[in-house]
Structures are given as structure tokens and as C-alpha cells.
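Asks: Give me the fold of what follows.
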Amino acid sequence: MLSIQTVQITLQALSSLAIAGGFLYTAFQFREARKAQAVTNFAKLVELQYQLRKIRVDQPSLASVHKHDVVHLHSDREIQAYYLSLMQLSLFELAWYAHKEGQLPDDYFQSWEKRMVELGDEEAFRTMLANPSMKIMHDDFEAYVRRLLKQSHASHNLEKGTH
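Replies: Okay, here's the model as predicted:
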């Protein structure tokens, strides 16, 4: 038979465990909210950058305001192609960061990867990526894209039987 003291201690232990569980749940929720806020902040920065790139696609003459940005671009068409490719890269950077922070499911991100590999086969995109002009993006993202496209290029060469 249980004594009153045993019942009291058991109830106190259960209460303490419930409180500790509540604290853990709150900490987890707080961490997830911070991740979501980081993705939101990152998205806003990339969105602003995207808008600046769009201005240069719409009005290529404005791209020469920063001479370094157009040093290897010789026509309005080249400027537009360069910045259009950068805009596409910006969108993928958002998807990459959201995925990295656990905010975008693997299957959805893999569909983005597939499209980026296809885009990486386009001459305009490869030209943009090879251009030494400054591209403002997350360093880890740039390394990831270069690896992704290099692996894709290598696998395409194996399929074709070339090196």
C-alpha cells in the first residue's frame, strides 16, 4: 500500500517533469522561430539584391554605374543576360538557405537542384558564373553551386563518353 508521502513525492516528480518538458518545448520553439527569422532576414536581403539586378536587366545602361560590374560585358544584351542569370541564381540561393536552415523540404529543394543543373548547361549562365566580376552571395552557396555544376558536368561527360 502506498503511503501519502510516496504519492506526494510521485506527484511532485511528475509536476517537475512536466515543467521541464514545457521548458524544453519552449526552447525548441524559440530555436525554430529564430531559424525562421534568419531565413526571413536573408530572403529580404536577397530580394533587395534581386531588385537591383532587375533594374540592370530593364535598363542595362545603369549597370555601368559600377564599372567593375561590366568590365567583361560589351553590349546591353550581355549585361541583360548576365544580370538575368544572377537573378535566377538569387532565387536558388534563397531556396538553398531555406533548405540549409530546415525551412524547405528535401524533395522540393531537390527539384530546385535539378533545375539549376539544367540552367548550368546554358551558355549565358556558365558565362555569368565564369565572369570575375563581383557576385554578392553567401560564400558557402557559391562553393555549393560550383560543386553541383562541376559534378553535373563530369557526369554528363561520362554519359557522353568524353572527358
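Asks: Against which helices or strands is the top helix by length along the chain packed?
Replies: For the chain, the helix with the greatest residue count under DSSP state H is helix 4-58. On a contact count with 3 or more CB pairs under 8 Å, 6 or more residues apart in numbering; DSSP states H and E, helix 4-58 meets helix 76-100. Every C-beta, even on glycine, is put in place using the N, C-alpha and C of the backbone.
Asks: Against which helices or strands is the next helix or strand after the helix it packs on packed?
Replies: Sequence-wise, the next helix or strand downstream of helix 76-100 (DSSP states H and E) is helix 106-120. Applying 3+ CB pairs under 8 Å, 6+ apart, one finds that helix 106-120 makes contact with helix 76-100, helix 123-130, helix 139-160.
Asks: thought Pro60 was touching Tyr82?
Replies: No - the criterion here is CB atoms under 8 Å, and Pro60 misses it with Tyr82 at 9.2 Å.
Asks: and the two? which has more neighbours close in?
Replies: Per other CB atoms under 10 Å, whichever of Pro60 and Tyr82 has more neighbours is Tyr82, with 26 against 20.
Asks: What pLDDT does the model give the nearest residue to that one once chain neighbours are set aside?
Replies: Excluding the flanking residues, the one nearest Tyr82 by CB to CB, 6 or more residues apart in numbering is Met128, at 5.0 Å. As predicted, Met128 sits at a pLDDT of 92.
Asks: What of Met1?
Replies: For Met1, the model assigns a pLDDT of 64.
Asks: rewinding a little: tell me which of the helices and strands packed on helix 106-120 lies nearest to Val7.
Replies: For the helices and strands packed on helix 106-120, proximity to Val7 was assessed by CB to CB; helix 76-100 is nearest, at 49.7 Å.
Asks: Now for Ala43: which residues touch it?
Replies: For Ala43, the contact set (CB atoms under 8 Å, 6 or more residues apart in numbering) comprises Leu94, Tyr97, Ala98.
Asks: Of these, which is the most crowded?
Replies: Highest neighbour count within the contacts of Ala43, by other CB under 10 Å: Ala98, with 22 neighbours.
Asks: No further queries at this time; thank you.
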